[in-house]
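**Q** Sequence unavailable; structure follows:
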């Protein structure tokens with residue numbers, strides 16, 4: 001029973017640490033050339049579900065069929081993840097035509113390489129919902145702060161028990177009276 005509780009406890013610690021690390025990676029660009037993004041719409045379903053996180057890697061070249069994330073000038077630079085369906089030249093520059101798998105028509109604007117953030121390397125379904133919740137104040141408290149405090153309390157409690165156990169093991173030296 002005790003080993004099962006230890007497995008659950010250390011699994012809990014591991015999950016909180018992973019969630020904290022993923023939250024950090026979504027909020028910042030710690031890894032050069034890589035970004036974690038949360039998919040907010042269903043335009044790429046069923047290949048990439050709404051609420052998935054995607055790891056995007058900057059590339060020097062992109063090919064037809066690559067799923068890429070780009071900054072959409074039409075929607076205030078909000079990143080969009082779609083598949084490249086065609087590439088060609090426009091005024092001597094290589095441009096890409098993209099389309100969401102679930103969309104009927106191709107995206108109206110052709111993209112240059114500078115518009116593309118990177119190629120999607122993999123996605124993890126539904127994890128984006130958890131990370132998006134963790135970015136909210138209540139979610140951060142419930143998913144990061146509260147578990148962190150519980151872990152800290154448990155560790156301090158264990159240290160206190162260890163300290164008290166060692167203190168009682170030490171025998172008092174005999175005192176002599178004169």
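**A** That came through, no problem. Just so you know, these numbers come straight off a predicted model, no measurement behind them.
**Q** ranges for the helices of this protein?
**A** Applying DSSP state H to the chain gives helices spanning 2-27, 127-134, 137-140, 146-169.
**Q** low pLDDT regions in this structure?
**A** 73-76, 167-178 (pLDDT under 70).
**Q** Centre-most residue in it?
**A** residue 22 (3.3 Å; CA atoms, centre = their mean).
**Q** residue contacts, that one?
**A** 36, 53, 127, 131 (CB atoms under 8 Å, 6 or more residues apart in numbering). The way it works is simple: take the backbone N, C-alpha and C, and place the C-beta from them, glycine included.
**Q** Could you measure from it over to residue 10?
**A** 19 Å (CB to CB, to the nearest Å).
**Q** still on that earlier bit, so can I have a markdown table of the contacts of residue 22 showing neighbour count and distance to residue 65?
**A** Listed next are these as a markdown table, based on neighbours: other CB atoms under 10 Å; distance: CB to CB, whole Å:
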| residue | neighbour count | distance to residue 65 |
| --- | --- | --- |
| 36 | 22 | 22 |
| 53 | 24 | 21 |
| 127 | 18 | 25 |
| 131 | 21 | 28 |
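**Q** Residue 48 and residue 83 touch, don't they?
**A** No. Under the criterion of CB atoms under 8 Å, residue 48 is not in contact with residue 83, lying 9.6 Å apart.
**Q** higher neighbour count, these two?
**A** residue 48 (26 against 21; other CB atoms under 10 Å).
**Q** Longest strand in this structure, please.
**A** Secondary structure of the chain per DSSP state E: the longest strand is strand 78-90.
**Q** Parallel or antiparallel, list what pairs with that one.
**A** Neighbouring strands of strand 78-90 in its sheet, by DSSP bridges, are strand 67-72 (antiparallel), strand 93-99 (antiparallel).
**Q** what sits against the closest residue to residue 129 other than its chain neighbours?
**A** Leaving aside its chain neighbours, residue 129 sits nearest to residue 51 (4.2 Å; criterion: CB to CB, 6 or more residues apart in numbering). Each residue near residue 51 by CB under 8 Å, 6+ apart is listed here: 38, 39, 125, 126, 127, 128, 129, 132.
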